[in-house]
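Student: This is a predicted model, with the sequence first.
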Amino acid sequence: MDTMQAAGAVDGRPVRVLVVDDSAVMRQLVPALLREDPRIEVVGTAADAYIARNKIQRLDPDVLTLDVEMPRMDGLSFLRNLTRQHPMPVGMVSSLTEQGASVTLDALASGAVDFIGKPRAEAPEALAAYAAELRAKVLAAAQARVRATGPVRPSGPGTPPATRLAPARSQAPGLVVIGASTGGTEAIRQVLAPLPADMPPVVIAQHIPATFSAAFADRLDRHCALDVAQAVDGEPLQPGRAYVAPGGRHLRVRRQHGALRCVISDEPAPFRPSVDALFESAAEHAGAAACAALLTGMGSDGARGMLALRRAGARTIAQDKASSVVWGMPGAAVALSAATDVVPLGEVAAMLLTRFPAGSVTGGT
């Protein structure tokens, strides 16, 4: 089955949420935090996957918040069944998604839209910030496009390689930059997997917590011909390698002594890593030699930086609405006329192999 659906508020009604967690405390706290926003209606709670399955059929929620560690059937198994049989937006709310990066990435690969850790005993201001993030992610999930999936491909050492594109030709760009947020961990994997080993350097800014970025880079490395690793401040960019921004820190590129290098920094910003920061640095230090892709994500981070890249003569590719989990960031770039091309996710990799051909702007929404 390959069903796609867009969920969320209809005719102005609140987003209907079902909270699934085996902890009685969480089944009280999460709904209480969500109900503070009038745009959200908590229609029920469930203590395990079997109760959740029955309530999904009866209550027809728009969004599910799901714990990983539950009795009778763990959350990941339930999620995989759900995305095959009844695809809907799911946000993981679990201590395991916070403590175990690999579990979080498994959940995202299995169809979860986003994740957030369970709240800890902290100051009231911290709980208020957590509640605001939780509500924002639920509202974004309600607008997400989710697709029924088959069994998740293994990612261990024996994983068969993806079908590779032809080797990079002489017209390949000198630098590839990629930005993404919600839905981006899987989108980036799908873009990198077919790229040949002789690609120009690829630099990636994905909105992700500090504890997850190294595991994310390791997972990408297992799926790609490129060597993928978390970026290190000052290291030179080399062909055949991809550099992932450390979670919670900015990654820029800078030309020093004739070579492009990674620059890591910590200055405040709405998002860290910031896609705008990466793209603007690529516009300044690589210009027309760069090629950029802005993939699925909530908000508008990257749109301004992509416009700077286009003005510098770079090819700029936005993922289209139909293939995006959330068409926020690429949609904002399209609205600014920052994208030279607007294409489905499956076409992004091939476009990254060529410089922007002058006078041949394509795409649509």
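Tutor: Received, thanks. Numbers count the residues shown, from 1 in each chain.

Student: Hmm, residue 264 and residue 249 touching each other?
Tutor: Yes: judged on C-beta atoms under 8 Å, residue 249 makes contact with residue 264 at a distance of 5.4 Å. Quick note: C-beta positions are derived from backbone N, CA and C, even for glycine.

Student: any residues in contact with both of the two?
Tutor: Common neighbours of residue 249 and residue 264, counting by C-beta atoms under 8 Å, 6 or more residues apart in numbering, are absent.

Student: pLDDT (mean, whole number) over stretch 268-287?
Tutor: In this model, stretch 268-287 carries a mean pLDDT of 95.

Student: Give the buried residues for that stretch.
Tutor: 271-283, 285-287 (16 or more other C-beta atoms under 10 Å).

Student: Might you list the low-confidence residue ranges for this protein?
Tutor: Residue ranges of the chain with pLDDT under 70: 1-11, 95-100, 121-122, 148-162, 167-172, 355-365.

Student: so what's the most centrally placed residue in it up against?
Tutor: For the chain, the residue nearest the mean C-alpha position is residue 184 (2.0 Å; C-alpha atoms, centre = their mean). Contacts of residue 184 were listed using C-beta under 8 Å, 6+ apart, and they are 206-207, 295-297.

Student: The same query, at a cut-off of 10 Å, please.
Tutor: Listed by C-beta atoms under 10 Å, 6 or more residues apart in numbering, the contact partners of residue 184 are 108, 178, 191, 204-208, 216, 275, 294-298, 319, 324-326, 329.

Student: Which residue, other than its chain neighbours, is closest to it?
Tutor: Closest residue to residue 184 apart from its sequence neighbours, by C-beta to C-beta, 6 or more residues apart in numbering: residue 206 at 5.0 Å.

Student: cool, and residue 166?
Tutor: Of all residues not flanking residue 166 in the chain, residue 196 sits nearest, at 6.8 Å (C-beta to C-beta, 6+ apart).

Student: In the longest helix that the chain contains, which residues are buried?
Tutor: For the chain, the helix with the greatest residue count under DSSP state H is helix 124-142. Buried positions in helix 124-142, judged by neighbour count with 16+ other C-beta under 10 Å: 130-131, 134-135, 137-142.

Student: Between those, which sits nearest residue 229?
Tutor: Nearest to residue 229 among those: residue 137, at 28.1 Å, using C-beta to C-beta.

Student: for the stretch 151-300 of the chain, what spans make up the helices?
Tutor: 184-192, 213-223, 275-285 (DSSP state H, counting those that start in this stretch).

Student: Include distance to residue 315 when you put the ones you listed into a markdown table, please.
Tutor: Output for the helices of the stretch 151-300 of the chain, formatted as a markdown table (distance: least, C-beta to C-beta, whole Å):
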| stretch | distance to residue 315 |
| --- | --- |
| helix 184-192 | 14 |
| helix 213-223 | 22 |
| helix 275-285 | 12 |
